[in-house]
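Peer 1: Structure of the sequence below:
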Amino acid sequence: MKLSNNKSYILFLIGAYIVFFLAISRNLFTPYLSYDEAGQFWIAKGLNHDSEPMSSEKGVLDVIENNKYYNLDPGGFGILLHYWAFISNHHVWLRMLPFFFFIGVVVSFIYLSFLWIKNIKIAILMGFIAILSPKLLYMGFELRAYSMECLGTLMGVIALEKLNTGVTYQKLLLWSCVFSFFMTSRYSEILILFVVSLYVLYLISKSKLTLAQKGFSIFLYSIPLFFTLVYVYFFALVFQNKDMLELNYLPYLSRDISILVELQNVLAILFLALFLVLLYQRHKYSLVKKYQSLIFVTLTSNLLFITLSILGKHPWSLSGYRCISLLVLFIICFVAVISEIVLRAIENSNIFLFYLLSSFIAFILYLSYDNLFVRSDYRYNEFYGNLTKLDFTKYNRVLVEYTEAPAIKYLYEYGKFQNKKERVYPNKFSFQRGRVHPISKNKTEFLEISKDTIMKYDLLIMPAFTMNYNYQDSRFKPIYATSKFFEKY
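Peer 2: Numbering: from 1, shown residues only. Okay, here's the model as predicted:
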C-alpha cells in the first residue's frame, strides 16, 4: 500500500503533534522572568525597569512612552502584551502570547510546504522542523517579540507565494496590513519585510495590469507601510537609536571580522553563494524558478544585513538569536528542500518509507529531549530556585543589582512570591537603578553604588563578577555557594 493512499498517517502525525505540544508546554510553567522579559512586562504595564515598587499600572500611551526609553524595539509586542495581561498576569498566561506566535510558525511551515508540493500528508510532517529548532523553540516561550518576528518572516514568504499567482488590489492591501502589524515587532523584521516589498514591486511590475493600475497598486500597497514606518520612527526609533550606533553586546562585522568564521556563519555564506549561482541560472532549472522568491528574499536579506553589519549599523550572525529572522529564512529553505526530496522519494515507494521516516524523527526527537524543555530545566531557573530558599525575614536591608530588579519586582507583585511579601516587600528592598538605552560604549549601564553604600545592607543580590570586580574587599560572603547572593558577615 502506497504512502499517498494511507489514511491513517495523518491521524498519526496529528497525534504526534498533540503529544509534542503537551510536552513542550511544560516550558510555560517557568515562573522566573529574565531581565529582558521582566522589563518587557513592566513596559507593557506602562511602567519600566526602574519604576518604584508597587507602582500603579498605566495605560497604553504610557506603554508607548516607556518603550521609547527602556526598549530597543518598535514596541508592538509591548502593546499586545498590555492588552493580553488584562486577562491575567500569571507567568503561564504571559508566556502563552509568544507561544501562540510559535504555534503560528509551526502552522506556517506546514502551509508553505503544502503550497509548494500540494501534498498535505508530507506538509504536516514539515511542522516538526520548527519544533526541532532549538532557537525557534526557545524563543517560542520568551516574553519578547522574537516569536512574533519569526512568524512575520514566514508571513512575508507566504505572501509572495500568494502574490505569485496573481496581483490584485485586495491582496496587496491585505498583505500590506499584515506586514504593518509584524513590522512593529523588531527593527530587523522591518528590514526583512523591506526586502519582501522589493519583490512585491517586482511582481507588480511584471503583472498584466496597465501602467495606471500598477501605479495605483503600488500606492495602495504603500499606504499602511508608510504610516507604520512613520509611527515607528517618531514614536520609537528617534528616541532609541536614530543614528543606528553600535551596541556593545551585538555582533558587528565592523569590529569583529572573526564572526565570519563561526561555523553557522560559514555554512550560511556557502549557501548564499549557492543561492547567488542558482538565482543567476534560474531559467535553466524549473525547480529554482519555483522557489525564486524564497531564494531572492533569503539572499538579499543576508546581503543587506551583512552590508549594514560592516557599516556598524545592524548585526549579522546566524549563531545567536539577534538575527533570528535570517535563521527562519534558512530553515524555510530547508523545509522546501526536504519537502521536494520526500515527495519524490514516496512517489514509487510504500508505507515502509513512512514508518522509516517516523522512526527517524522519533530518534531525532529523543536526541533533542533536553532542547524541548529549554525553560523548565533547572539550569535556566537556578536564580529562582536559590531565591526561594532565602529567608528574607532575617535581613533588615536587601540591595538588588539592576539586572535582577525587574524580575524580583514581578515575583513579589504579580508572581509566585505575592503571598510572601508581608513584612518583607517592598520595605526591606532597595533596587539599583539602570540607565535608559546604554547605546554608547562610553556609557555605563547602571548607576554606580559605592563600597560605603553597600555596607549599609545585610544582603546583596548581584552577579558574582560584579561583586568580585567592584566590591572584592567588602565583608560579604556567598550564600549556599551561589553566584548571585551575598550576605554580610
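Peer 1: Can you list the low-confidence ranges for the stretch 351-489 of the chain?
Peer 2: 351-380, 435-447, 481 (pLDDT under 70).
Peer 1: hey, where'd the strands end up in it?
Peer 2: For the stretch 351-489 of the chain, the strands defined by DSSP state E, counting those that start in this stretch cover 398-400, 429-431, 459-461, 476-478, 485-488.
Peer 1: and residue 86, which of the ones you listed is closest to it?
Peer 2: Nearest to residue 86 among those is strand 429-431 (26.3 Å), distances taken as C-beta to C-beta. For glycine as for every other residue, the C-beta is placed from the backbone atoms N, C-alpha and C.
Peer 1: Strand partners (parallel or antiparallel) of that closest one?
Peer 2: strand 398-400 (parallel) (DSSP bridges).
Peer 1: how about the strand it pairs with: buried residues?
Peer 2: With burial defined by 16 or more other C-beta atoms under 10 Å, the residues of strand 398-400 counted as buried are 398, 399, 400.
Peer 1: Report the separation between the first one and residue 98.
Peer 2: With the distance defined as C-beta to C-beta, to the nearest Å, residue 398 ends up 31 Å from residue 98.
Peer 1: follow-up on the earlier one: now tabulate the strands of the stretch 351-489 of the chain in JSON lines and tack on distance to residue 255.
Peer 2: Shown next, in JSON lines, are the strands of the stretch 351-489 of the chain (distance: least, C-beta to C-beta, whole Å):
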{"stretch": "strand 398-400", "distance to residue 255": "32"}
{"stretch": "strand 429-431", "distance to residue 255": "33"}
{"stretch": "strand 459-461", "distance to residue 255": "33"}
{"stretch": "strand 476-478", "distance to residue 255": "35"}
{"stretch": "strand 485-488", "distance to residue 255": "34"}
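Peer 1: just those strands: most buried one?
Peer 2: Of all the strands of the stretch 351-489 of the chain, strand 459-461 carries the top mean neighbour count, a mean of 23, counting by mean count of other C-beta atoms under 10 Å.
Peer 1: Is residue 279 in contact with residue 293, as I believe?
Peer 2: No - the criterion here is C-beta atoms under 8 Å, and residue 279 misses it with residue 293 at 10.6 Å.
Peer 1: These two: who's more crowded?
Peer 2: A direct count of neighbours by other C-beta atoms under 10 Å for residue 279 and residue 293 places residue 293 higher, at 21 against 16.
Peer 1: tell me which element that one falls in.
Peer 2: helix 292-310 (DSSP states H and E).
Peer 1: now that helix: how far from the chain's centre is it?
Peer 2: With C-alpha atoms, centre = their mean, to the nearest Å as the basis, helix 292-310 stands 19 Å off its chain's centre.
Peer 1: elements contacting it?
Peer 2: On a contact count with 3 or more C-beta pairs under 8 Å, 6 or more residues apart in numbering; DSSP states H and E, helix 292-310 meets helix 146-164, helix 187-205, helix 263-280, helix 324-346.
Peer 1: Count residues in the vicinity of the closest residue to residue 389 other than its chain neighbours, would you?
Peer 2: Of all residues not flanking residue 389 in the chain, residue 480 sits nearest, at 6.6 Å (C-beta to C-beta, 6 or more residues apart in numbering). By the criterion of other C-beta under 10 Å, residue 480 has 8 neighbours.
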